[in-house]
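1. Based on what follows, work out the 3D shape:
(one chain, ligands or ions: 2)
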Amino acid sequence: MKILLLGLNGQVGWELQRALAPLGELHALDRQQGGDLAQTEALAALVRKLAPNVIVNAAAHTAVDRAESEPDLARTLNATAPGVLADEAARLGALLVHYSTDYVFDGSGTEPRTEDAATKPLSVYGRTKLEGEELIRASGCRHMIFRTSWVYGARGGNFAKTMLRLAAERDALNVIADQIGAPTGADLIADVTAHAVRAPQTGTYHLVAGGETSWHGYASLVIEWARAKGVPLKVAADAVKAIPTSAYPTPAQRPLNSRLSTSKLEQAFGLQLPHWQPGVLRMLAEVVA
Ligand SMILES: NC(=O)C1=CN([C@@H]2O[C@H](COP(=O)(O)OP(=O)(O)OC[C@H]3O[C@@H](n4cnc5c(N)ncnc54)[C@H](OP(=O)(O)O)[C@@H]3O)[C@@H](O)[C@H]2O)C=CC1
Ligand SMILES: Cc1cn([C@H]2C[C@H](O)[C@@H](COP(=O)(O)OP(=O)(O)O[C@H]3O[C@@H](C)C(=O)[C@@H](O)[C@H]3O)O2)c(=O)[nH]c1=O
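-> Ligands and ions are numbered 1, 2, ... in the order given. The predicted structure is shown next:
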C-alpha cells in the first residue's frame with residue numbers, strides 16, 4: 001500500500017507518521033517538502049506523480065480566531081485543497097482520509113450530535129471545514145472523514161500546553177465553563193485511522209474520546225496534575241476561575257455543546273473509545289518529562 005500523508009508536523013500528522021508506517025510505503029510531507037495546500041496545482045501534480053493508494057490529509061488552517069481575519073487562506077487550505085485531493089483520489093481510485101471538527105455545528109442543545117445532525121458553523125474555521133467535507137463527498141472518491149474535537153498531542157500547540165504556560169506566568173486563570181466537549185488525543189486519532197484504513201468504509205464518522213468536560217474542567221485537571229507533580233506554578237490552588245463564554249470575548253464564536261456521538265464509528269470499526277482523562281495525563285507526563 002502506498003500512502004501519502006500531508007501535514008506531518010501537526011499534532012495529528014506526527015502521530016499518523018508513527019501509526020501508518022507499518023501499513024506500507026509511507027510518503028509523509030510537510031508544506032516545505034511539496035505538500036503545501038496553498039499551491040493547489042502543485043498538490044494535484046504531486047498526487048498524480050506519486051499515485052498513492054491512500055491519501056491522508058492532516059494539514060489544515062487550525063488557527064480559529066486568526067481565520068476570521070484571513071478567510072480566503074482558511075478557505076484555500078480547509079476547502080479548496082481537500083477538494084483537489086478528493087478529485088485526484090477519485091481519478092486514481094484512491095482512498096482519501098480527512099479530518100473535520102465539532103465546529104461545523106452551532107452547539108445548541110445538550111445532546112451528543114450524530115453524523116447526520118444539521119450543520120451550522122459559527123466561525124470561518126467551521127464554515128471552511130464544512131465546505132471541505134462537502135467537496136470531498138461531492139467528488140465521488142472513496143473517503144473517510146473523521147470529525148474530532150479539542151485535539152491535544154505531545155508535539156504541537158494545544159489548550160493543555162497553553163494552560164501549563166499561563167499557570168506558570170499568572171496568579172489567576174479565567175476559563176470558560178459552559179463550552180462542553182471531549183479532549184481527544186492525536187495518538188488515539190492516528191491509531192483509529194490506521195485501524196480503519198485496513199478495512200475502509202466510506203463515510204463521515206465522529207471520532208472523539210469518551211466522557212465530557214468543559215474547558216474549565218480540562219484546565220483544572222491539567223493544573224492539579226502539574227501541582228501534584230511539583231511543576232512550578234504561579235497560579236494559586238483556588239485561582240482557576242470558571243467563567244461563562246460571555247466573559248471571554250474572542251474573534252471567532254465557539255459552540256457551547258461540542259458533544260459528538262461516536263456510536264457509528266464504534267459499530268462500523270468494532271472499537272470502544274477510551275475516556276478522555278487517561279490520554280491527557282499520558283500527554284502531560286510526556287510533555288513535562
Ligand atoms: N486541533 C484541534 O483541536 C482540532 C483539529 N481538527 C482537525 O484535525 C486535523 C489535524 O489538526 P491538528 O493536527 O490538531 O492541527 P495542527 O495545527 O497541529 O497542524 C496543522 C498542520 O497543518 C499544516 N499546515 C498549515 N498550513 C499549511 C499549508 N499551507 N500547507 C501544508 N500544511 C499546512 C501545519 O504546518 P506548519 O506547522 O508548517 O504550520 C501543521 O503541520 C485538521 O484537519 C483539523 O482541522 C479537528 C478538531 C479539533
Ligand atoms: C487561553 C484561554 C482560552 N479560553 C477558552 C477560549 C476557547 O473557548 C477555549 C479553547 O481555546 P483555544 O483557542 O485553545 O481552542 P480553539 O482554538 O477554540 O480549539 C479548537 O481548535 C479547533 C482547531 C477545533 O477544531 C476545535 O475542536 C477546538 O479544539 O478556551 C479560556 O476560557 N481561557 C483562557 O485563558
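2. what residues are up against the closest residue to ligand 1 within the chain?
-> Nearest residue of the chain to ligand 1 (CB to the nearest ligand atom) works out as G10 at 2.2 Å. Quick note: C-beta positions are derived from backbone N, CA and C, even for glycine. G10 sits next to A58, A59, A60, T62, G156 when contact means CB atoms under 8 Å, 6 or more residues apart in numbering.
3. residues in contact with T262?
-> With CB under 8 Å, 6+ apart, T262 has these contacts: Y205, H206, L207, V208, G210, L273.
4. Quick check, pLDDT for A289.
-> In this model, A289 is scored at 83, pLDDT.
5. Could you do G156 as well?
-> Note for G156: predicted pLDDT of 89.
6. What is the burial count for it?
-> 17 (other CB atoms under 10 Å).
7. Show the contacting residues for the nearest residue to it once chain neighbours are set aside.
-> The shortest distance from G156 to any non-neighbouring residue, by CB to CB, 6 or more residues apart in numbering, is to Q11 (3.8 Å). Q11 sits next to V151, Y152, G153, R155, G156, G157, N158, A186 when contact means CB under 8 Å, 6+ apart.
8. and if you look at L85?
-> L6, L43, V47, I55, N57, L96, H98, I136.
9. What about those residues, which are in strands?
-> L6, I55, N57, L96, H98 (DSSP state E).
10. Could you check how far the closest residue in space to L23 that isn't next to it in sequence is from ligand 2?
-> With sequence-adjacent residues excluded and distances taken as CB to CB, 6+ apart, L23 is closest to M1, at 5.5 Å. Relative to ligand 2, M1 is positioned 28 Å away (CB to the nearest ligand atom, to the nearest Å).
11. give me every residue that touches M1.
-> M1 neighbours (CB under 8 Å, 6+ apart): L23, G24, E25, N53, V54.
12. For it, give me the pLDDT.
-> pLDDT, read off for M1, is 96.
13. That one and V124: what is the separation?
-> Remark: distance between M1 and V124 (CB to CB, to the nearest Å) = 35 Å.
14. Turn the contacts of G10 into TSV, columns for secondary structure and distance to F105.
-> TSV is the format used below for the contacts of G10 (DSSP: H, G, I helix; E, B strand; the rest coil; distance: CB to CB, whole Å):
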residue	secondary structure	distance to F105
A58	coil	21
A59	coil	22
A60	coil	17
T62	coil	17
G156	coil	24
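15. Lowest pLDDT pick from the residues you listed?
-> G156 (89).
16. Setting aside sequence neighbours, what's the nearest residue to I176?
-> W215 is the one closest to I176 (CB to CB, 6+ apart), at 4.7 Å.
17. phi, psi of the one you found?
-> Note on W215: its backbone torsions stand at phi -60, psi -40 [degrees, to the nearest 10].
18. got it, and the one 5 residues further on?
-> Reported as degrees, to the nearest 10, the phi and psi values for S220 are phi -60, psi -40.
19. Surely it touches V240?
-> Yes - assessed by CB atoms under 8 Å, S220 is found in contact with V240 at 5.4 Å.
20. more crowded one of those two?
-> A count of neighbours by other CB under 10 Å puts V240 above the other of S220 and V240, at 21 against 18.
21. and L96, what are its bridge partners?
-> I55, H143 (DSSP bridges).
22. contacting residues around A209?
-> A209 neighbours (CB under 8 Å, 6+ apart): A182, P183, T184, G185, L188, L273, P274, H275, W276, G279.
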